[in-house]
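Chemist: the sequence and its predicted three-dimensional model are supplied below.
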Amino acid sequence: MSKIDLIKGTGNNPNALKTLQGYTLAGKIAHTQRKIAEWYEFYHGNVYVSFSGGKDSLVLLHLARSMFPDIEAVFSDTGLEFPEIRDFVKTIENVTWVKPKLSFKQVLEKYGYPVISKEQACYIDQYRNTKSEYLKSVRFNGKEGYKNKGVGKISEKWKYLIDAPFKISDRCCYVLKKNPIKSYEKKSGKYPIIGTMAQESAIRAINYNRNGCNAYSLKRPVSCPISFWNENDIWAYIKLHDIKYCSVYDMGYKRTGCVFCMFGLHLEKEDRLKKLEETHPNLFNYCMEKLNLKTILKWYPRRS
């Protein structure tokens, strides 16, 4: 298959995700491996696996290295990971570590705290800091404010945070994770394979149906070859191949992302910060006292 055929064969299929999600595990493995191979061959091996140390990227790396044993993994050492994650990553061969220029504390001081969601934090930040009256009105009123030309507004539920006595922003992920990765890509000339799954958000599902597993035509081309998998598939694959995974999952954590992140706390049935207090009291005290999360959380109602 030519490069042109590969690019033409991606995206704009509203039923693609639903169809692939119905595959058996064996079918999903075969499809994922085919997409990894296409990506690898398209870029003549100048690709890497984005590796967080979590279960999803672990399965992705295992799949990729089952075909291309020398494929590089890249770990973004944000300083926000569980210590168990960092120790686990050190056990994996051929992993390049990249680091941000700022610490999380410096990001909080310069830009603000990650609360509610990336979208809402972004809107609040823009409303507070934009010099554009148009954008400010759009972020406050949404479509109604500007004859349906504006999209994306601060939810009525969270408008009170406009007056919160602390900065709010979605930029921590860009500064701590995405920017170091982009610098690596620019220096290495390699293209990413990442382990995100479409079931994790509506936006990811929309993007998958638009771009497919391998998004060659994006400004930043990216491969997401396990997007159509689900969590049960991941654990079934780990069990099938008897893969050693990070011990933090055995502590009851379902996700191993940034420890101090507050995105989505209001949606959780089990408060991950309360669990952090039980399992990692020193980390908990650091984020409450040194990072001042105890003050932020007073403005941030949660389920529990």
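Modeler: Happy to help now that I have it. Residues are numbered from 1 along each chain as shown.
Chemist: show me what counts as buried in stretch 257-268.
Modeler: Neighbour-count burial for stretch 257-268 flags 257-266 (criterion: 16 or more other CB atoms under 10 Å). In this view, the C-beta of every residue, glycine as well, is placed from N, C-alpha and C.
Chemist: measure that stretch end to end?
Modeler: Start and end residues of stretch 257-268 are separated by 15 Å (CA to CA, to the nearest Å).
Chemist: quickly list the domain ranges of this protein.
Modeler: The chain resolves into domains spanning 3-102+170-251, 115-163, 260-304 when parsed by automatic domain parsing.
Chemist: now do the second one, average pLDDT.
Modeler: This points to domain 115-163. Averaged over domain 115-163, pLDDT sits at 85.
Chemist: start at 18 instead
Modeler: In the new numbering, first residue 18, that becomes domain 132-180.
Chemist: quick one: low-confidence parts of this protein?
Modeler: By pLDDT under 70, the low-scoring segments of the chain are 18-31, 160-168, 319-321.
Chemist: chain center to stretch 118-133: distance?
Modeler: Centroid displacement of stretch 118-133 relative to its chain, using CA atoms, centre = their mean, to the nearest Å, is 17 Å.
Chemist: restrict it to CA atoms and write it as PDB.
Modeler: Output of stretch 118-133 as PDB, limited to C-alpha atoms (Å, rounded to 0.1, in the frame of the first residue of the first chain):
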ATOM      1  CA  LYS A 118      11.900  23.400  32.100                       C
ATOM      2  CA  LEU A 119       9.600  24.300  35.000                       C
ATOM      3  CA  SER A 120       8.500  22.400  38.100                       C
ATOM      4  CA  PHE A 121       4.800  21.900  38.900                       C
ATOM      5  CA  LYS A 122       5.100  24.500  41.700                       C
ATOM      6  CA  GLN A 123       6.500  27.100  39.300                       C
ATOM      7  CA  VAL A 124       3.700  26.300  36.800                       C
ATOM      8  CA  LEU A 125       1.100  26.900  39.500                       C
ATOM      9  CA  GLU A 126       2.700  30.200  40.400                       C
ATOM     10  CA  LYS A 127       3.000  31.400  36.800                       C
ATOM     11  CA  TYR A 128      -0.200  30.100  35.200                       C
ATOM     12  CA  GLY A 129      -2.500  28.600  37.800                       C
ATOM     13  CA  TYR A 130      -4.100  25.500  39.200                       C
ATOM     14  CA  PRO A 131      -5.700  22.700  37.100                       C
ATOM     15  CA  VAL A 132      -9.300  22.500  38.400                       C
ATOM     16  CA  ILE A 133     -12.600  21.100  37.000                       C
END
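Chemist: quick revisit: make a markdown table from the domains of the chain and add distance to E126 to it.
Modeler: Putting the domains of the chain into a markdown table (distance: least, CB to CB, whole Å) gives the following:
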| stretch | distance to E126 |
| --- | --- |
| domain 20-119+187-268 | 9 |
| domain 132-180 | 14 |
| domain 277-321 | 10 |
